[in-house]
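S.K.: Provided below for reference: sequence and predicted model.
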Amino acid sequence: MRLDQIALQLYTVRRLAAVDLPGTLGAVAAAGYRAVEIAGLPEIAPGELARLLDAAGLRAIAAHQGIDRLRTDASGVADRLAALDCRLVIVPSLPEDERRTAEDVGRLAVELNGLARLFADRGIRLGYHNHASEFEPLDGTTVWSVLLAELAPEIDIELDVYWAAVGGRDPVELIRTAGDRVRLLHVKDRAAGPVPRDAPAGEGTLDFPAIIAAAREVGVAWYIAEQDEPREPVEDITSAYRYLESHAAPADR
């Protein structure tokens, strides 16, 4: 991992951004980040968002976008991403009522493959992000297994290591099994205790040295700090950056 492979998922600071977006982006940059993944921001014109990111010294390397919006306005999504010079769109989840059987998941995979071809024509890659439900038993398999088997290899996997652990899986094993399909990691820790709760990387129970080592082996491109429910957003994103920075290649520190 290099320093220029560290990013922040802006969903982590969504509540701050809703009140003061320019100030929040400045705080993200002050924490050390130079790249961000877009999600959870207030409604804003793409040109204005591009201006604010540039003013803060940040660039958008990916954006989350729900499948419903991709179904109804793929061209508009592509236009927005182009305005941000962002070349990767991530589907953050699949509708629960459309993945009740393995056959359902297979149909969704076919649909995602079609969307990937559509976005590829605009120079944009498509990716998929997991939660814990992908690892629950389903017709003798799992959503995760069906997706890995049926999604086109051009679709990037964004592995959320926290949700994988909540789903009872070993993130290191998942990375090594999926190999170079895993192009991005959502890097958040699992706090100690019986109730699942996320924490900044390095402050919980996950074996991040082993996770990062496995990610290096398969060529993960981005290590994206994220928390769904940070206790102190600016402190937490700063702590996460410092931890990832400490694991960057020595020559790049």
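M.R.: Received it, and whenever you're ready, just let me know what you need.
S.K.: buried set for the longest helix belonging to the chain?
M.R.: Longest helix of the chain, by residue count under DSSP state H: helix 102-120. Residues of helix 102-120 classed as buried by neighbour count (16 or more other Cβ atoms under 10 Å): Ala102, Asp104, Val105, Leu108, Ala109, Glu111, Leu112, Asn113, Leu115, Ala116, Phe119. Glycine gets a C-beta too; all of them are placed from N, C-alpha and C.
S.K.: out of the residues you listed, who's nearest Arg69?
M.R.: Minimum separation from Arg69 among those (Cβ to Cβ) is found for Leu115, which lies at 11.0 Å.
S.K.: On the C-terminal side of the helix or strand hosting Asp54, identify the next helix or strand.
M.R.: If you go by DSSP states H and E, Asp54 is part of helix 46-56. With elements assigned by DSSP H and E, the helix or strand that comes after helix 46-56 is strand 59-64.
S.K.: ok, and for the helix or strand just after that following strand, which residues are buried?
M.R.: Later in the chain than strand 59-64, the nearest helix or strand by DSSP H and E is helix 67-83. Applying a neighbour-count criterion of 16+ other Cβ under 10 Å, one finds Ile67, Leu70, Ala74, Val77, Ala78, Arg80, Leu81 buried in helix 67-83.
S.K.: Return the distance of the second one relative to Ala82.
M.R.: The one in question is Leu70. Noted for Leu70: a distance of 15 Å to Ala82, by Cβ to Cβ, to the nearest Å.
S.K.: So what's the gap between the helix holding Asp54 and the chain middle?
M.R.: Put simply, helix 46-56 sits 21 Å off its chain's centre (Cα atoms, centre = their mean, to the nearest Å).
S.K.: With stretch 208-219 instead?
M.R.: 16 Å.
S.K.: Give me the contact list for the helix holding Asp54.
M.R.: 21-22, 25-26, 28-29, 36, 38, 41, 44, 59-60, 79-80, 83-85 (Cβ atoms under 8 Å, 6 or more residues apart in numbering).
S.K.: Thank you kindly, that will do.
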